[in-house]
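Visitor: Only the shape, not the letters, is given here:
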């Protein structure tokens, strides 16, 4: 792979990070009787029985990052899972739209750097954890987000695994691209959530 091809591929796959999975609205969590049609007591029970999904621990690239956000857990979760609003606070996302239910098996379509992507929801634990993944550009990606309230705010932890031929061709370059993308996502989430909380 020549330098220009590697650079173009890195820029394209950078967008794979810029998506998360909407699990539910905060209103649905607070008022189960008036919940979102896709978030009923029955689906709550299903969520409680979900098997925890992890990244691919045998993948060639795995990146783990965390950040502490000084804002309420519910507000951080809501911001993170309001898929249609991503373009308003993530400059690298051109569009984002939920195309399936807000539960495992659903999907969302989004576009970053001109690259259209469809991600499949694999796990949803409201206010705690979401996982999505799927293939794109020959890369098999799995992305886990967890949300942990503390005395200092909400610790948001993200782990992503990447595997496939493009990763084998340039593992260190892909690791750098993944790290940069995750760092940018966390910084934007923190800045947006904290600014909203100060209003």
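Guide: That came through, no problem. Computed from a prediction, not measured in an experiment: that's the story for all the values here.
Visitor: Residue 193: helix or strand, and which one exactly?
Guide: helix 171-198 (DSSP states H and E).
Visitor: Equivalent analysis for residue 160, please.
Guide: Using DSSP H and E, residue 160 falls in strand 153-163.
Visitor: partners of that strand, with directions?
Guide: strand 61-69 (antiparallel), strand 139-150 (antiparallel) (DSSP bridges).
Visitor: Next, the buried residues of the helix or strand just after the first one.
Guide: In this case it means strand 61-69. Of the helices and strands lying after strand 61-69 in sequence (DSSP H and E), the nearest is helix 73-81. Buried residues in helix 73-81, counted by 16 or more other CB atoms under 10 Å: 73, 74, 75, 76, 77, 78, 79, 80, 81. (Each C-beta comes from the backbone N, C-alpha and C, glycine too.)
Visitor: And for stretch 170-189?
Guide: Neighbour count says stretch 170-189 has 170, 173-175, 177-179, 181-182, 184-186, 188-189 buried, by 16+ other CB under 10 Å.
Visitor: I'd guessed residue 142 sits against residue 122; true?
Guide: Yes - using CB atoms under 8 Å, residue 142 is in contact with residue 122, at 7.5 Å.
Visitor: Please name every helix or strand in contact with the strand or helix carrying residue 130.
Guide: Per DSSP H and E, residue 130 falls inside strand 129-136. Secondary-structure packing of strand 129-136 (3 or more CB pairs under 8 Å, 6 or more residues apart in numbering; DSSP states H and E): strand 115-125, strand 139-150.
Visitor: how far out from the middle of the chain is the first one?
Guide: Right, the one you point to is strand 115-125. A distance of 8 Å separates the centroid of the chain from that of strand 115-125, by CA atoms, centre = their mean, to the nearest Å.
Visitor: cool, and the longest one?
Guide: Computed by CA atoms, centre = their mean, the chain-centroid distance of strand 139-150 equals 6 Å.
Visitor: and if you look at stretch 101-110?
Guide: 12 Å.
Visitor: cool, stretch 56-68 as well?
Guide: 13 Å.
Visitor: List the buried residues in it.
Guide: For stretch 56-68, by 16+ other CB under 10 Å, it's 56, 59, 60, 61, 62, 63, 67.
Visitor: circling back: state the mean pLDDT of the helix holding residue 193.
Guide: Over the span of helix 171-198, the pLDDT mean works out to 94.
Visitor: what's it packed up against?
Guide: Right, helix 171-198 is packed against helix 3-14, strand 61-69, helix 73-81, strand 153-163 by 3+ CB pairs under 8 Å, 6+ apart.
Visitor: what packs against whichever helix or strand comes after the last one?
Guide: When you say that, I think you mean strand 153-163. As assigned by DSSP H and E, the chain's next helix or strand after strand 153-163 is helix 165-169. For helix 165-169, the elements it packs on are helix 3-14, judged by 3+ CB pairs under 8 Å, 6+ apart.
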